[in-house]
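Student: I would like to see how this sequence folds:
(4 chains)
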There are 4 protein chains.
Amino acid sequence: MAQRGPLGVAVIGTGKMGADHVRRLHEVTNGARVAAVADVDAERAKRAADGIEGCSVHTDPIAAMRADGVEAVLIASPGPAHEAALLAAFAHDLPVLCEKPLTPDAASALRVLEAERRLGHRRVQVGFMRRYDTEYARLKSLLDSGELGRPLMLHNRHRNVSTPPGFTSAMLISDSVVHEMDITRWLLGQEITAVTVLCPTPSGNAPEGLRDPQLVLFETDGGAVVDVEINVNCGFGYQVQAEVVCERGTARIGDGHALVTTAAGRWGGAVAQDFVERFEDAYDRQMQAWVDATRRGEVTGPSAWDGYATAAVCEAGVRAQTGGGRIAVELVERPDFYR
Amino acid sequence: MAQRGPLGVAVIGTGKMGADHVRRLHEVTNGARVAAVADVDAERAKRAADGIEGCSVHTDPIAAMRADGVEAVLIASPGPAHEAALLAAFAHDLPVLCEKPLTPDAASALRVLEAERRLGHRRVQVGFMRRYDTEYARLKSLLDSGELGRPLMLHNRHRNVSTPPGFTSAMLISDSVVHEMDITRWLLGQEITAVTVLCPTPSGNAPEGLRDPQLVLFETDGGAVVDVEINVNCGFGYQVQAEVVCERGTARIGDGHALVTTAAGRWGGAVAQDFVERFEDAYDRQMQAWVDATRRGEVTGPSAWDGYATAAVCEAGVRAQTGGGRIAVELVERPDFYR
Amino acid sequence: MAQRGPLGVAVIGTGKMGADHVRRLHEVTNGARVAAVADVDAERAKRAADGIEGCSVHTDPIAAMRADGVEAVLIASPGPAHEAALLAAFAHDLPVLCEKPLTPDAASALRVLEAERRLGHRRVQVGFMRRYDTEYARLKSLLDSGELGRPLMLHNRHRNVSTPPGFTSAMLISDSVVHEMDITRWLLGQEITAVTVLCPTPSGNAPEGLRDPQLVLFETDGGAVVDVEINVNCGFGYQVQAEVVCERGTARIGDGHALVTTAAGRWGGAVAQDFVERFEDAYDRQMQAWVDATRRGEVTGPSAWDGYATAAVCEAGVRAQTGGGRIAVELVERPDFYR
Amino acid sequence: MAQRGPLGVAVIGTGKMGADHVRRLHEVTNGARVAAVADVDAERAKRAADGIEGCSVHTDPIAAMRADGVEAVLIASPGPAHEAALLAAFAHDLPVLCEKPLTPDAASALRVLEAERRLGHRRVQVGFMRRYDTEYARLKSLLDSGELGRPLMLHNRHRNVSTPPGFTSAMLISDSVVHEMDITRWLLGQEITAVTVLCPTPSGNAPEGLRDPQLVLFETDGGAVVDVEINVNCGFGYQVQAEVVCERGTARIGDGHALVTTAAGRWGGAVAQDFVERFEDAYDRQMQAWVDATRRGEVTGPSAWDGYATAAVCEAGVRAQTGGGRIAVELVERPDFYR
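Tutor: Predicted coordinates for the structure are as follows:
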């Protein structure tokens, strides 16, 4: 690593996720410091910056990006605010870690993509943090080794205890299954070409009107078939599992066997209760990887193309969910810039 | 159990499966004896009967059914010969254990169904032996207890080392997935209403022209969604796994943890190499259950209706596989006789 | 199998275990029938024989052995009655399956051993049924293959929900750990040469005065070291596990992963609640193996020598438990007759 | 966390472990920097400091402790050099993270203990990093919750692929089992009062003269019994497992199920090949916890008393190993200072 001071980061948005990133940068990450924070709610921004020496507080994201010592930007504001913040970061030529989604739809994601291309060099990493999970990373590494042959199928389970108020059927796709879209594309190195959705009679646990659970199916341009059980009011815990079926064998992650107890007629372990418990390490690693790469002057991790492609698959998924049947995914041609 | 001598069984067909049933009846099952065997190949029938006191040898199935001491019939001849043998058994009013499939198609299965109804009492048990597997039985019992709530999804894996010469894509459905059709219907107590098939690019292990593996999807009249990975040239072993996802939890069988070893940098266990290794106990239990019920004058186990319904789902599955898309399953109305 | 009628068995003792063996012989085992039963309690004997055609009822074991059609004897009476019954069976030259223990102490076991030798051919199989458990059998077969190299250590867990009234600290050794003594000798093919016992402060679940749990250690003449956690008021279930540590790897049985459920924040499986649930199949297989061997005119399975050797180790164990320290096991030289 | 600049650390000893700690402080830990390094080999010290701005290089540990910006000391020199370095750190009243062992024997550990007491406040944390492993931490937290009742037994497995040249039987105790000594004391909150060692015939993998594997037994002042399989030439991998048996259940860690593959007739996972792979995260967490506590002006983690007590148990263990039998552990009375 080049010898230099800690990376000054401006954090845009200090809600639950943004405030957690401020804490992470301040207390966990090596080689970074929070140089500025911005939030439309000035009090919330102030609370997030409390006790952090040299951290300025703003309500305007652009002011935060221009603040003293800012060398990089972390965008954790709501999705609809991402496009403007990304373009502002491009205008100041600052490296960005942008929480997912890149933007809320494929059209706006495409605009961001074009803007980054005009800039002439990559600046954006999208916050698909599962790629930094140790188990997914081992799975990816095993697939890339070729040891098990070509991947044929990928089975996924994605279960949440319950949904917050206002969670819609479309959000099952765009907030939850979007992770499996990115993971499918990343693990297999293939684009998703079609989406089909099958809906069983909803669980009694699902709020009135929510079609939960669902079985979401992807086909890829590499000829793989992928299924996702999305089940967001399962009641028992937060569980993310994946099994890749290859020509010479299968590989599975997510069993969660860290601590096995036997008591009262049962053996087994606890199921995590939320994504923080399951993926806290992945968030830490993602941040460290972004800070390390940025200090080296590099951009690694999920790109704006990944943000765009998942947005397009989400749109197909939402249509498949409502209209039924198999919906093809339409992508623009991938620019060489993102290869 | 009523006090009486061992049940005299005529075994029709002494190929690989039939000869194994002869051995089972003679050496494993309590309360039964092989009274007659029949095979078109007289030598083969003779070899099967060798050393069994009081067992007559025939080339004509009907002669075997009429032989001295015969009280019940086990049909293990090729599928196309089943209908005639079943009708002959009905004519002699003999209880039958018929290897699956009941008959090769829905139309002939329906004829058998009608013939049994005309007889006025049930005579047929179909050889869906997975219902007698200890693990499936525990899963069924857990579902029936209602402890986990209503079943929403059922995920299945069905993997074979390799296929024999002449195995076709249609046989993936009618020879292999037929087991998951029966298991789905039995576990959930629901009929299958539609079938969809997704085919990834075939595995390099699959013989030229065989679409293997496939992802087969069922919808049921109880609103459940079922997926089956059928993967019959997986190379590594014979594996049958099932996970039911219910409203309050999930239940999984088939992990095969009986013996766990650690050596040479790996921990884990062996995968069974064929269905005999995995389901030998189920075959033994099926035979004992059939003999015990028959001696009590009862008919239990999978009925001719089960044979007919799976034949109809198979036909839909083969069409879904070739024509693509979702194919609805058409069943005649279920007679009260089979409720 | 030689062609002949079913083996006529006299069952001596029709208490809980004996009555269960009568049921097994009558309803489960192939090729056997219950020809006579005997119990000091005539009513109990009568109930056990109820509905079994051709089964005579006795209060005198010797009368039962002499009854019509009796070709073999199963001894399931209390341990102190075994010696007399065994000697009577020898006098009539009948093959015997004798429930464990062979006799209650090493001296009497030695007398039985001598009597069998004088007879000139082996007649006794001792009911160490764990050898017929599928998991133990696979473990034995793996060890015998030499694949993992020479065994160095054997770790055992033996847990019961709770003890019946009157269960003493000595019975922890002679009723419970006796199984691990036999299994150690059988799996490793070695004799136990010394026993050490370490007692933690008793569990709050243990009845007043019972030293439970205990850690029992064996050394063998093959240089292996064995530990047994005996824990008979563990409250949560019946669990029998074994791990053999060899030069090139380890092998473990008893995890009990047949059905894995996830619900209410936990994944895992049920623990069996008693030995019947865990070892029912082993009892069935033991009986079938004994009947099959007897009909072939052979004696297989655990011998009177095994009964004697475990009795001697038990005596050392009880002394180690009370006197503390390491107690050497003294065996007479093994006669060629038992090699 | 109090607002201040990064903690300046002097690293004493830049061999394999020391150099790794330098890298960790520089690249992984938040809120710390390497201010000075010292090694008897000046070239090695220089290499370790290469590229770290503001890091001075020394051959004299005391010079490093006095260097500009040094606020804390990390001792990673060979064990025999620890006592002098610790006393020097005390003289400069610097907080210390001292790699295990505190010192090579109980007598010298006692001198360190006395010196720290004279200082009047705690300064030393000993590098028993397993306490920072996520799995051990969850196990400890479960035990402390009281949910499973009082601990009765603790079973441990500690396996290494192979030993480096010069590894002696005594080092099995003092280099390897020392971890289980600390873990036993920490998990149970009890002191070890006696040690017994049983040695099977050595494995064919063990170098000539090394008694490997061994079964090491502890008794504690809380009435628990502990066994440790130490097996340092097992060939297949690095494995650390622990199972606590409590009054109402058991809890186990170390199964290593993160990635499960099925291929070539086997299912299972990889075994780690060294302690770095298994415990890398624990080293990272230990360092962060020490830096965070030190910046808050606190001393947490394993104390000099823990270093002394394990040294005393090691001495008993080595005697038990050679002399045989049960060896009592003698400890001085625990000063209130360390409660």
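Student: what residues go with each domain of chain A?
Tutor: Using automatic domain parsing, the domain ranges for chain A come out as A:7-129+A:281-303, A:131-278+A:309-338.
Student: who in the stretch 51-200 of chain A is up against chain B?
Tutor: Within the stretch 51-200 of chain A, the residues that sit near chain B (C-beta under 8 Å from any C-beta of the partner chain) are A:149, A:150, A:152, A:153, A:155, A:196, A:198, A:199, A:200. Using the backbone N, CA and C atoms, a C-beta is placed for each residue, glycine as well.
Student: didn't residue A:272 look like it was pressed against residue A:280?
Tutor: No. Counting by C-beta atoms under 8 Å, residue A:280 is not a contact partner of residue A:272; they are 9.7 Å apart.
Student: Who has more neighbours out of those two?
Tutor: residue A:272 (19 against 16; other C-beta atoms under 10 Å in any protein chain shown).
Student: Quick check: which element contains the residue in chain A positioned nearest to chain C?
Tutor: Here chain A gets closest to chain C at one residue, residue A:268, 1.4 Å apart by C-beta to the nearest C-beta. Using DSSP states H and E, residue A:268 maps to strand A:266-270.
Student: before we move on, what about residue A:156?
Tutor: Using DSSP H and E, residue A:156 falls in strand A:151-159.
Student: distance between the helix or strand just after that strand and the chain's centre?
Tutor: Scanning forward in sequence from strand A:151-159 by DSSP H and E, the next helix or strand is helix A:169-171. Distance, stretch centre to chain centre, for helix A:169-171: 17 Å (C-alpha atoms, centre = their mean, to the nearest Å).
Student: and whatever helix or strand comes next after helix A:169-171 with chain D, contact?
Tutor: Downstream of helix A:169-171, the next assigned helix or strand under DSSP H and E is helix A:178-188. No. Using C-beta under 8 Å from any C-beta, helix A:178-188 never reaches chain D; the gap is at least 12.8 Å.
Student: Partner strands of the helix or strand that helix A:178-188 is followed by, with direction?
Tutor: Next helix or strand after helix A:178-188 toward the C-terminus (DSSP H and E): strand A:192-198. The strands beside strand A:192-198 in its sheet (DSSP bridges) come out as strand A:214-220 (antiparallel), strand A:326-328 (antiparallel).
Student: Now tell me what touches strand A:192-198 from outside.
Tutor: A:173, A:181, A:184-185, A:214-221, A:226, A:309, A:313, A:316-317, A:320-321, A:324-329, B:196, B:198, B:217, B:219, B:225 (C-beta atoms under 8 Å, 6 or more residues apart in numbering or on different chains).
Student: Quick check on these: which are buried?
Tutor: Among the contacts of strand A:192-198, those buried by neighbour count (16 or more other C-beta atoms under 10 Å in any protein chain shown) are A:173, A:181, A:184-185, A:214-220, A:226, A:309, A:313, A:316-317, A:320-321, A:326-327, A:329, B:196, B:198, B:217, B:219, B:225.
Student: hmm, back to that, mind giving me a markdown table with the residues of the stretch 51-200 of chain A next to chain B and columns for pLDDT and distance to residue B:66?
Tutor: Conversion of those to a markdown table gives the following (pLDDT from 0 to 100; distance: C-beta to C-beta, whole Å):
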| residue | pLDDT | distance to residue B:66 |
| --- | --- | --- |
| A:149 | 96 | 55 |
| A:150 | 97 | 57 |
| A:152 | 97 | 52 |
| A:153 | 98 | 52 |
| A:155 | 98 | 52 |
| A:196 | 97 | 55 |
| A:198 | 96 | 52 |
| A:199 | 96 | 55 |
| A:200 | 97 | 51 |
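Student: Now, of those, which are buried?
Tutor: Using 16+ other C-beta under 10 Å, the buried ones in those are A:149, A:150, A:152, A:153, A:155, A:196, A:198, A:199, A:200.
Student: Which positions in the stretch 101-250 of chain A make contact with chain C?
Tutor: A:235, A:236, A:237, A:239.
Student: Looking at the residues you listed, which is nearest residue B:258?
Tutor: residue A:239 (25.3 Å; C-beta to C-beta).
Student: give me every residue that touches that closest one.
Tutor: A:157, A:158, A:159, A:254, A:256, A:271, A:272, C:262.
Student: Neighbour-wise, which one of the residues you listed leads?
Tutor: Busiest of the contacts of residue A:239 [other C-beta under 10 Å] is residue C:262, holding 27 neighbours.
Student: Now do the contacts for that one.
Tutor: Taking C-beta under 8 Å, 6+ apart, we find residue C:262 in contact with A:236, A:237, A:239, A:271, B:249, B:250, B:251, B:252.
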